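[1] have a look at this prediction, sequence included:
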Amino acid sequence: MKAFHSRGQALAAALALSAALAAAPAAQAVAAPDLSAQEVQRLVSSAPGAAEYPEAGAIILYDHKRLTVKADGSQSLDEHILVKVLKDRGRGFGDQKRMYDEKTDSLSILTARTWLPDGSSVPVEDKAINVITPPELVGAAVYADIKQKVISFPSIGPDVVVELHVRTDSRPDTMVAGVRPYGDLEVFRGEEPVLDKSYELVLPESFHEPLVRTDNGLASAEVTREGGTRLYRWHSTNVPMITRIPDMPPVLAYAPSLLFSNVESWERLGRWLAAQFYPAAAPDEAIRAKAAELTRGCATPADSIRAISLFVQKNVRNIPLSLGLAGWKPHAASKVLENMYGEQLDKTVLLSSLLSAAGFENFPALTGADQIDVSSDQVPSAAQFSRMAVYVTRTVEDSVFSNPLYDGAKRSGMWLVPMARYNRYGYFNSGQAARAVVVMPSGGALFRTTEFPPEKSLSLTTASLKLDSQGNVSGRYETQCDGLFDAQARAALMDLTPVDLEKNFQQAANSINEGASLESWRLSDLKDLCLPASASLDFNAPELGVLQGDMLILRLPRAPFDFAGLPYFPQLREREYDFVSSGSFVLSSEVTLELPAGWQVAYSPQTDLSQSRFGNAVTACRVEAGRLVLTRRLTVTARRVSVADYAEFRSFLEQYSLPEKSLLLFERSAGKQASKR
């Protein structure tokens, strides 16, 4: 990525101010984390503009956070930002939003104003600061304490600067051995350039040293002491913006970042979480009655686990709250059952409680949802996880659920993700082979989640087509999906109305050829998460083949369903970041084409096998009894491809996608040519 360097006296002045702030005496740093009014004015007046940063929508002039942990475990987080808007894309900074929990937090606006190009400032009026219920929580009364403070800045436009200073005070709600766990995860790079960014952690001198990890070039902390406190300061300047490209790794894989925690082991973190979780998950009469109802008539333990899991996954409404935002103390399982909705922690409590009531050993787990694992096993912190799951320790339906522990021992079990609304039962795409903290009553332990083989994500398309002598093609396409493709089908189609579904299948028929007509279509019940998704359509495509004298040219269309084709393709010729795919998969098709009488095959794809360290591709073509049968199978095993290997990976998929792989030529047989003459 191109790095943006300072140019001109204005930017030099801003960086000089940043250096001066970094070198400020320790006593001043501890006592006054905020910029003075004069320093703010200097930053605003000397800020660079669009000429220096032509690709940016805004410039983060100053981004400062300070987390102060007090002796009683309470915390105070100060955030002070100055953002210069450069173009329309940067106008979004004019609406600042902060979510918090009224039970434990109070959020104060210390400064909110817009600096105009002439150097004057306009404060945000009281009526422009509103506390609302986040839209995603409307109708979820149990989360009424979660609020969002919205600050709407006036006069937003190019060359104005938004200044916001907020403070969030948090009161202790849960303790372990007299200490409240603290920690945070901070990323030092974003989608706009940052001139000056810092994070400070202030602790009482009596507290133990926190565990800290810095990644991707972030320097270690400067540590100062003053007045019975220790201050840790991480600082970065001139951080370039992230230029988004398709199929990037998660930001933590390449951006400078900070992770810290005062929990010294995964066992202790798990013990703290267990103290919140297990009392809420203890089955009561209502839970035991529901478990009995759900498992009534189940022939095997596996059937019972499936019935319980699908009830929570499908019937209990998802509330999209970030993990931990509502605190780590979940509601009782019976309350979640009564409400029939829940965020991640509450749905996990309900699933675990129902399984326990039915006699199945299970444990909650913190997991990641990224395509690649970027979590650290060196700093035990819940902040680095984004998803909850339940690990069931026995009664497995499929050998792919075998799961090796870190210590090399083998144990059978399966991971159930209660929020996975579009995933077939037992499957999850993102977060495979990632670290997970399994929370047992005695404490936490690191596992790795399942990594599914390519065969688990299968797209199988069969086509029965008929070609006539004028190039018209009619027939049927039918696709069955599993794993990744199954999830794509459900996400695309499951929530559509009947009218929209009809339109979708009409568009699918049109993708075969312009002017193609849809004769009929069928779609499996996508709300049944036990069966793989399947779809079919019958069509007529006039003049799909091109007639040229005694030759007929036909390019076989791909599967008409978007969810059933290549899930990704490496479009860029060169990359700055590794290529991270949607997962390994198998893409298979078999097309049977009935030939018109008096025509024979002049050209068809050659039968071949292409091997690569990223997978393999097979093409086989045969002609028999007036029919051509073309079979293709692509297996991709790669989930992450390095920049160094990208060209080879791209070439492998390009070879599979070459136009000649689907090109057919036909010619009139000699007898027909003679009769025509």
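    Here it is on my side, so go on.

[2] and Gln480, what does it touch?
    Listed by CB atoms under 8 Å, 6 or more residues apart in numbering, the contact partners of Gln480 are 458-460, 532-534. To be clear about C-beta, it is placed using only N, CA and C from the backbone, and glycine gets the same treatment.

[3] just the buried subset of those, written out for ChimeraX, thanks.
    Buried residues among the contacts of Gln480 (16 or more other CB atoms under 10 Å), as a ChimeraX selection:
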select :458,459,460,532,533,534
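
[4] assign the nearest residue to Asp525 once chain neighbours are set aside to helix, strand or coil.
    Nearest non-adjacent residue to Asp525, counting by CB to CB, 6 or more residues apart in numbering: Leu531, 7.1 Å away. Per DSSP: H, G, I helix; E, B strand; the rest coil, the secondary structure class of Leu531 is coil.

[5] quick revisit: which one of the contacts of Gln480 sits closest to Pro246?
    Taking CB to CB as the measure, Pro246 lies nearest Ser459 of the contacts of Gln480, at 20.2 Å.

[6] element containing the closest one?
    strand 458-467 (DSSP states H and E).

[7] want to throw the contacts of Gln480 into JSON lines with distance to Ala141 and pLDDT?
    Shown next, in JSON lines, are the contacts of Gln480 (distance: CB to CB, whole Å; pLDDT from 0 to 100):
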{"residue": "Leu458", "distance to Ala141": "43", "pLDDT": "96"}
{"residue": "Ser459", "distance to Ala141": "42", "pLDDT": "97"}
{"residue": "Leu460", "distance to Ala141": "45", "pLDDT": "97"}
{"residue": "Pro532", "distance to Ala141": "37", "pLDDT": "95"}
{"residue": "Ala533", "distance to Ala141": "35", "pLDDT": "97"}
{"residue": "Ser534", "distance to Ala141": "39", "pLDDT": "97"}
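
[8] quick revisit: quick check, the residue nearest to Asp525 in contact with Ser524.
    Yes: between Leu531 and Ser524 there is a contact at 6.2 Å, judged by CB atoms under 8 Å.

[9] out of these two, which sits in the busier spot?
    Shown here are Leu531 and Ser524; by other CB atoms under 10 Å, Ser524 has more neighbours (17 against 14).

[10] could you check the distance from the residue nearest to that one when sequence neighbours are not counted over to Val546?
    Leaving aside its chain neighbours, Ser524 sits nearest to Ser534 (4.4 Å; criterion: CB to CB, 6+ apart). Here Ser534 is placed at a distance of 32 Å from Val546 (CB to CB, to the nearest Å).

[11] show me what the residue nearest to Ser524 is bridged to.
    Note on Ser534: beta-bridge partners by DSSP bridges are Gln480.

[12] for the stretch 351-500 of the chain, give me the ranges with low pLDDT.
    Within the stretch 351-500 of the chain, the stretches with pLDDT under 70 are 394-412.

[13] hmm, 90 instead?
    Counting by pLDDT under 90, the stretch 351-500 of the chain has low-confidence residues at 369-377, 393-413, 429-430.

[14] what about the helices in it?
    Under the criterion DSSP state H, counting those that start in this stretch, the stretch 351-500 of the chain contains helices at 483-493, 498-512.

[15] which of these sits most buried?
    helix 483-493 (a mean of 23; mean count of other CB atoms under 10 Å).

[16] enumerate every residue touching Leu630.
    556, 589-591, 593, 604-605, 619-621.

[17] hang on, it in a strand?
    Yes: the assignment for Leu630 is a strand, going by three-state DSSP.

[18] and the gap between it and Ala559?
    Distance from Leu630 to Ala559, by CB to CB: 13 Å.

[19] can you classify the closest residue to Ala58 other than its chain neighbours by secondary structure?
    Closest residue in space to Ala58, ignoring its immediate chain neighbours: Gly90 at 3.2 Å, by CB to CB, 6+ apart. Here Gly90 is recorded as helix under three-state DSSP.

[20] so Gly90 makes contact with Val83?
    Yes: counting by CB under 8 Å, Gly90 does reach Val83; the two are 7.5 Å apart.

[21] mutual contacts of these two, please.
    Residues touching both Gly90 and Val83 (CB under 8 Å, 6+ apart) are 58, 192.

[22] these two: which has the busier surroundings?
    Neighbours were counted for Gly90 and for Val83 using other CB under 10 Å; Val83 has more, 25 against 22.

[23] can you confirm that one is in a strand?
    Yes: Val83 forms part of a strand when assessed by three-state DSSP.

[24] and it, what does it touch?
    Counted by CB under 8 Å, 6+ apart, Val83 has contacts 58-61, 90, 93, 161-162, 192.
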